[in-house]
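Asker: Quick one: sequence and predicted model below, then my questions.
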Amino acid sequence: MRYRVTHRTDYSYDADVSGSFGFAHLTPRDLPAQRASDHRVSIEPAAGDLRQHVDGYGNTATYFHVTAPHRRLTIDATTEVDVIAPAYDPTALAEPWERSRPLVHDDLRGAWSASEFSLASPKVLQVPEATDYAAASLLPERPIGEAVTDLMHRITSDFDYDSTATTVTSTVPDVLSTRAGVCQDFAHLALACLRGHGVAARYVSGYLATTPPPGKDRVVGADASHAWVAVWLPSSGQWLAFDPTNDQWVADRHVTVAWGRDYGDVTPVKGVIYTEAKRSTLRVSVDVAPLESYAPA
């Protein structure tokens, strides 16, 4: 599929802001199953400094600095991206999940770079409750593809999607306690489950193209940023991407933007402002509009 992805972040304040420093992950990655083109980021008011660089995980990050006084700041990102469903090596999917532990099998190719994703991170602590929950899926010698899929099914079944149940600061224990959350929470939970057993898994941030109900038109701007998980497959060097919120492997409706240890590494937009404002509002609008079918060359 080919999509035009637009992501608008709009801040407003009740007093002048004299300076805004921002850092954003808004550029979809180029991958074997994904190609991004015609990417543009614009800032209003115009940024005195606007630049991009590639971070340590290979993500494209955008830095901006607005020095003109303002009470409203808008960041617009637009990209056209071609996506196909990833194809995985059946042999790699059939290997025992224990092989996806880079600190145990440190002789495997790529283990050194995967190791970081098998450790705890600031937003994904390895708590015993998550490790115990995963044990029912990670049975001895079970194929990694089957084990991960079973864990995904269980998270979707056992936890409710509820945007009021958690906040951006909620922890894995919070999600285990409430048995509810949003995509970020379910991704962090899946990561804690897998990393608790030494499996290398990374947090992926992106977008999901939604389908309107039968007979209804698409609502422009009603999509949202999304999050899922990818697990290391050492035999092929691939990462099996799965979406515990929607109980499916990532396919051609998912647009990958960035990956890291957890949400903190790939926050869509974050920054620092200088102001005496007492109140502020944040509005985010995302649209993933299908353009046409895409056939790779």
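Answerer: Right, received. Where do you want to start?

Asker: hey, let's count contacts and neighbours off CA atoms from now on
Answerer: Noted.

Asker: can you pull the pLDDT of the spatially closest residue to Thr245 that is not a sequence neighbour?
Answerer: Excluding its sequence neighbours, the residue lying closest to Thr245 (Cα to Cα, 6 or more residues apart in numbering) is Cys183, at 5.5 Å. As predicted, Cys183 sits at a pLDDT of 95.

Asker: I'd guessed Cys183 sits against Ala224; true?
Answerer: No - the pair formed by Cys183 and Ala224 falls short of the contact definition of Cα atoms under 8 Å, at 10.5 Å.

Asker: between these two, who's got more neighbours?
Answerer: Remark: of Cys183 and Ala224, Cys183 carries more neighbours, 20 against 17, as counted by other Cα atoms under 10 Å.

Asker: quick one, what contacts that one?
Answerer: Tyr161, His226, Ala227, Trp228, Pro244, Thr245 (Cα atoms under 8 Å, 6 or more residues apart in numbering).

Asker: give me that answer again for 10 Å
Answerer: Contacts of Cys183 were listed using Cα atoms under 10 Å, 6 or more residues apart in numbering, and they are 161-163, 189, 205, 225-228, 243-246.

Asker: How about Ala15, nearest residue that isn't a chain neighbour?
Answerer: Distances taken as Cα to Cα, 6+ apart put Ala277 closest to Ala15, at 4.6 Å, once the chain neighbours are dropped.

Asker: where's that neighbour, which helix or strand?
Answerer: Take DSSP states H and E as the rule and Ala277 turns out to sit in neither a helix nor a strand.

Asker: in the stretch 1-150 of the chain, which spans are helices?
Answerer: The residue ranges that make up the helices of the stretch 1-150 of the chain, judged by DSSP state H, counting those that start in this stretch, are 90-94, 111-114, 128-135, 144-158.
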